[in-house]
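*Asks:* Quick one, what's the 3D model for this:
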Amino acid sequence: MSSAVLDERLLRRKVNMIMNIVQSNKLFIHHELLRVRVERRIINLPLILTMAILNALVPKGTMLLYGGHGGGKTTLAKILGRMMTGTPLKKIERSILRAHPHLTEEKAIARFDVARLMSGEEVVQWSEFVKTFWKIIDEVNRLSPHMQDVLFSLLAEGIVKYGSEVYEVRDYVLYATLNPKDVGTFPMGAPFMDRFSIAIQVTMPKAPHLFDILGRRDAKLYGFDEDTQVPAIMTEEEIINIWHIIDDTITVPEESMFFITYLIGSFRACIRTNKENAEFLNVDSGLCDNCHFNTRESVCNKIKTPPSVRAAKDLERYSKALAWLLGYDKVLPNFIVAVAPFVLWHRLDYPENILREKPYYGNKILLTKDLVQRVFNRYARRGRRILEIIDRGWALKLTKSDLDELNQEAKADVFVASDVQPIIKSISEDSRYATYYKQVEEILNMIKVGRFDEKTIISKIDDLLSKIESDVTVTGKHKLVRELYNAIFSLTKRTIKMKLGEWREIQIDLIKQIPLKSLKRFFKDIIGGPLYRKFYGMPEIEIRVTIPSDDDNAIMTMDIAGGKLALRVFETIEKLRRNLR
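*Replies:* Residues are numbered from 1 along each chain as shown. The predicted structure is shown next:
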């Protein structure tokens, strides 16, 4: 068994150990379960604890802990920070951003060094919150609109600004607590809420669990013992390593990708308007009147503000993290069902009359769970067949029977009517798509049977890509382009292994010979370090770098794939390495 597999198993054991310690030491007690159906069994996990840990297993994960005071929201974030990064609790406490209406940038983000400012020099001192890996915002809804805007740039772009200085926050995990009934709070706009990947409601424990809380040692008197109660189990580097393991090893099969598309599409679909841009009419003000999709069981007539594309990506990221945690190598649709309510509910806006109904009684998560399950039930019945028809449509193999079936589906499914049927119809009527598709198929068949010279086939692909990308009106361009890029990346993948010291010797000369400025910056930034990983992605080239340490003898692995540019980079590096010898 390879050391990489052993390392992955060890990391998963450490994560499970943290979950066990939190529960056995009664550090956070709650009754709700996350139920994940896997094949013919159901896996029950502690809901809030599991979702909080999943947030740390996702790059730049952002989680909103929503609930009244005294539920343990901030405490949970602190103890997980201690055990998952090894950071002392006092240091975590110092870095917490405690929000209030009068909080300023100087107290939250940065300030000028006063002594040096008096001598005319503007030197920015960044706050502990900005610099720390494990970020906690306490009572985020007490931030003023101005401070929300300041933090928005961190959540949106991974940067914070002060004066003329910019600080890039490259890797982090963020938890924010929100008490909806607190005084001195401000509304949080939809774009700001959309930057929180998941949100969970933290309610008060039920009576049996309250009994357990009463029986534990008084934390106000003794605090937490950092050797036994909240020991350091993992490090920041190990968390980042898990991010890359998940990205490299957990796949999302086509049916799971389609289910994410189907789910988000069902929440946003409307045959009358684009809901995200609707200003005058909405589902509770006449939009759905006399529409045949306006039924009690429909989903579309219950969504005022639909989820963003960002929500779809978060569904993928958090379901991959759940798959890894459970020991699976791929995302199953049921994993998506499990995390979807917590990815979606805080991003959605429902009509008040729907929320008031039994059995929801104002509970947005309960309503979201119900709607997700409705979409999944329909997908389980008809989703695979719809996907099959879509694939046949892309391949220009639709029969009259397929089209008739699609028309019937469109009468019963608003997603098929608004998103699937129009594109399939356009493809079947676009002669240019058919022409390009045949050329793409010819190239793929040449590759499949092995009848090609690598440079010749890459040149053919580049020429065809140029034609398709310059044709602004062809239907289904993205599908054709993706097929060609997939082919060229699989053809040209190269792996270079060299000592870090060798890289440092050729680095400057390589940068001089590379044409793209962004690629020059990428190579310039490769410096090494513990479990160092770096990725560069453009349509025509992908480069992935892994370095285990910053020692000159550490073996650096560089995977390169793409078109002519990728080959040029590979050949340039190899030439420079030969010159060293």
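*Asks:* From here on, just use CA atoms for contacts and neighbour counts.
*Replies:* Fine.
*Asks:* what separates Trp134 from Lys78, distance-wise?
*Replies:* Separation of Trp134 from Lys78 (C-alpha to C-alpha, to the nearest Å): 9 Å.
*Asks:* So for those two, which residues contact both of them?
*Replies:* Common neighbours of Trp134 and Lys78 are listed as Ile92 (criterion: C-alpha atoms under 8 Å, 6 or more residues apart in numbering).
*Asks:* I'd assumed Met558 was in a strand, is it?
*Replies:* Yes. Under DSSP: H, G, I helix; E, B strand; the rest coil, Met558 falls within a strand.
*Asks:* what about the stretch 51-200 of the chain, any weak spots by pLDDT?
*Replies:* Scanning the stretch 51-200 of the chain for pLDDT under 70 picks out no residues.
*Asks:* redo that, cut-off 80
*Replies:* Along the stretch 51-200 of the chain, the parts satisfying pLDDT under 80 run over 115, 117-120, 183-184.
*Asks:* which residue ranges form the strands in it?
*Replies:* For the stretch 51-200 of the chain, strands defined by DSSP state E, counting those that start in this stretch occupy the ranges 62-66, 97-98, 110-112, 124-126, 134-138, 159-162, 165-168, 173-178, 198-201.
*Asks:* do the same with the stretch 251-400 of the chain
*Replies:* Under DSSP E, counting those that start in this stretch, the stretch 251-400 of the chain gives no strands.
*Asks:* what stretches of it score poorly on pLDDT?
*Replies:* For the stretch 251-400 of the chain (pLDDT under 80), the answer is 276-280.
*Asks:* what are the bridge partners for the residue lying closest to Ile200 once chain neighbours are set aside, then?
*Replies:* Counting by C-alpha to C-alpha, 6 or more residues apart in numbering, Leu65 is the residue found nearest to Ile200 once chain neighbours are left out, at 5.3 Å. Beta-bridge partners of Leu65, counted by DSSP bridges, are Thr177, Ile200.
*Asks:* Leu65 against Tyr175, yeah?
*Replies:* Yes. Counting by C-alpha atoms under 8 Å, Tyr175 is a contact partner of Leu65 at 7.2 Å.
*Asks:* domain ranges for the protein?
*Replies:* 18-238, 250-424, 431-490, 493-580 (automatic domain parsing).
*Asks:* wait, which of these is closest to Arg9?
*Replies:* Among these, the nearest to Arg9 by C-alpha to C-alpha is domain 250-424 (8.8 Å).
*Asks:* can you give me how far the closest one is from the chain middle?
*Replies:* Distance of domain 250-424 from its chain centroid, counting by C-alpha atoms, centre = their mean, to the nearest Å, is 18 Å.
*Asks:* Ends of that domain, what's the gap?
*Replies:* Domain 250-424: ends 30 Å apart by C-alpha to C-alpha.
*Asks:* CA atoms only for stretch 75-91, dumped as PDB, please.
*Replies:* Below are the C-alpha coordinates for stretch 75-91, written out as PDB (Å, rounded to 0.1, in the frame of the first residue of the first chain):
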ATOM      1  CA  THR A  75     -17.300  27.700  21.600                       C
ATOM      2  CA  LEU A  76     -17.700  25.000  18.900                       C
ATOM      3  CA  ALA A  77     -15.700  27.100  16.400                       C
ATOM      4  CA  LYS A  78     -13.000  27.700  19.000                       C
ATOM      5  CA  ILE A  79     -12.500  24.100  20.100                       C
ATOM      6  CA  LEU A  80     -12.500  22.900  16.500                       C
ATOM      7  CA  GLY A  81      -9.900  25.500  15.700                       C
ATOM      8  CA  ARG A  82      -7.700  24.200  18.600                       C
ATOM      9  CA  MET A  83      -8.000  20.500  17.600                       C
ATOM     10  CA  MET A  84      -7.800  20.900  13.800                       C
ATOM     11  CA  THR A  85      -4.900  23.400  13.700                       C
ATOM     12  CA  GLY A  86      -3.100  23.000  17.000                       C
ATOM     13  CA  THR A  87      -3.400  26.700  17.700                       C
ATOM     14  CA  PRO A  88      -3.700  27.500  21.500                       C
ATOM     15  CA  LEU A  89      -7.200  28.600  22.600                       C
ATOM     16  CA  LYS A  90      -5.900  31.900  23.900                       C
ATOM     17  CA  LYS A  91      -4.400  32.700  20.400                       C
END
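*Asks:* so where's the stretch 451-581 of the chain shaky on pLDDT?
*Replies:* Across the stretch 451-581 of the chain (using pLDDT under 80), the flagged ranges come out as 451-452, 528-532, 539, 581.
*Asks:* Just list whatever residues bridge to the residue nearest to Met556 when sequence neighbours are not counted.
*Replies:* With sequence-adjacent residues excluded and distances taken as C-alpha to C-alpha, 6+ apart, Met556 is closest to Ile547, at 4.7 Å. Beta-bridge pairing of Ile547 under DSSP bridges involves Tyr532.
*Asks:* Likewise for Arg41?
*Replies:* Applying DSSP bridges, one finds that Arg41 bridges with Val38.
*Asks:* What is the neighbour count of it?
*Replies:* Applying other C-alpha atoms under 10 Å, we find 8 residues neighbouring Arg41.
*Asks:* Let's see the pLDDT reported for it.
*Replies:* Arg41 carries a pLDDT value of 93.
*Asks:* related to what we said a few turns ago, count the neighbours of the residue nearest to Met556 for me.
*Replies:* By other C-alpha under 10 Å, 23 other residues sit near Ile547.
*Asks:* was I right about it contacting Ile527?
*Replies:* No. Ile547 lies out of contact with Ile527 (C-alpha under 8 Å); the separation is 9.1 Å.
*Asks:* Thr572 reaches Lys512, doesn't it?
*Replies:* No. With contact defined as C-alpha under 8 Å, Thr572 does not count as touching Lys512 (10.8 Å).
*Asks:* So for those two, which sits in the more crowded spot?
*Replies:* Thr572 (16 against 9).
*Asks:* How about that one, nearest residue that isn't a chain neighbour?
*Replies:* That would be Leu510: by C-alpha to C-alpha, 6+ apart, it lies 7.1 Å from Thr572.
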